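> Sequence first, then the predicted structure, then my questions.
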Amino acid sequence: MTRPERVRVTAPRRVRRPPGRPALRALDEQDVVGELLVRSLVRAQLGLALRVGGVFALLLGGLPLLFALLPPVREARVAGLPLPWLLLGVLVHPALLACGWLHVRLAERAERDFVELVDRS
């Protein structure tokens with residue numbers, strides 16, 4: 001009894017695209033232009049993440065500075081609770097959610113712009 005000869009099955013290397021779509025072809029073939037397109041999308045999303053994260057870090061990091069420079073703010077009380085506790089314990093969470101929501105919306109917009117760019121060319 002002999003074993004059947006093994007056959008290697010692979011997918012085609014290239015996907016046939018209609019002519020006149022060089023950007024999409026460049027992405028499929030992963031050539032230099034496709035790599036540049038993807039790198040530009042990644043760079044745009046990284047820049048967005050750094051900007052949104054930086055704004056949130058400045059807001060959060062600025063609160064202790066505000067409390068150190070303005071003692072009346074540090075000593076203030078709202079409904080019997082110290083204002084720093086309220087700001088750091090309660091208001092930071094909605095600000096974090098807002099920054100996250102903003103980041104997702106802007107990242108989706110960058111992706112839509114990327115898709116439109118590829119579709120146009």
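In hand now; what should we look at?

> Need the CA coordinates for stretch 97-105. PDB is fine.
Included here for stretch 97-105 are C-alpha records, laid out as PDB according to Å, rounded to 0.1, in the frame of the first residue of the first chain:
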ATOM      1  CA  LEU A  97     -14.800  58.800  28.400                       C
ATOM      2  CA  ALA A  98     -15.200  62.000  26.300                       C
ATOM      3  CA  CYS A  99     -11.500  61.800  25.200                       C
ATOM      4  CA  GLY A 100     -12.000  58.100  24.300                       C
ATOM      5  CA  TRP A 101     -15.200  58.900  22.300                       C
ATOM      6  CA  LEU A 102     -13.400  61.800  20.500                       C
ATOM      7  CA  HIS A 103     -10.400  59.600  19.700                       C
ATOM      8  CA  VAL A 104     -12.700  56.800  18.200                       C
ATOM      9  CA  ARG A 105     -14.600  59.300  16.100                       C
END
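
> In that stretch, which residues are buried?
When burial is assessed from 16 or more other Cβ atoms under 10 Å, stretch 97-105 yields the following buried residues: C99, H103. For every residue, glycine as well, the C-beta is placed using N, CA and C.

> what's the answer for stretch 113-121, then?
Using 16+ other Cβ under 10 Å as the test for burial, stretch 113-121 gives F114, V118.

> distance between it and the chain's centre?
In terms of Cα atoms, centre = their mean, to the nearest Å, the centre of stretch 113-121 is found 19 Å from the chain centre.

> average model confidence for it?
pLDDT averaged over stretch 113-121 equals 80, rounded to a whole number.
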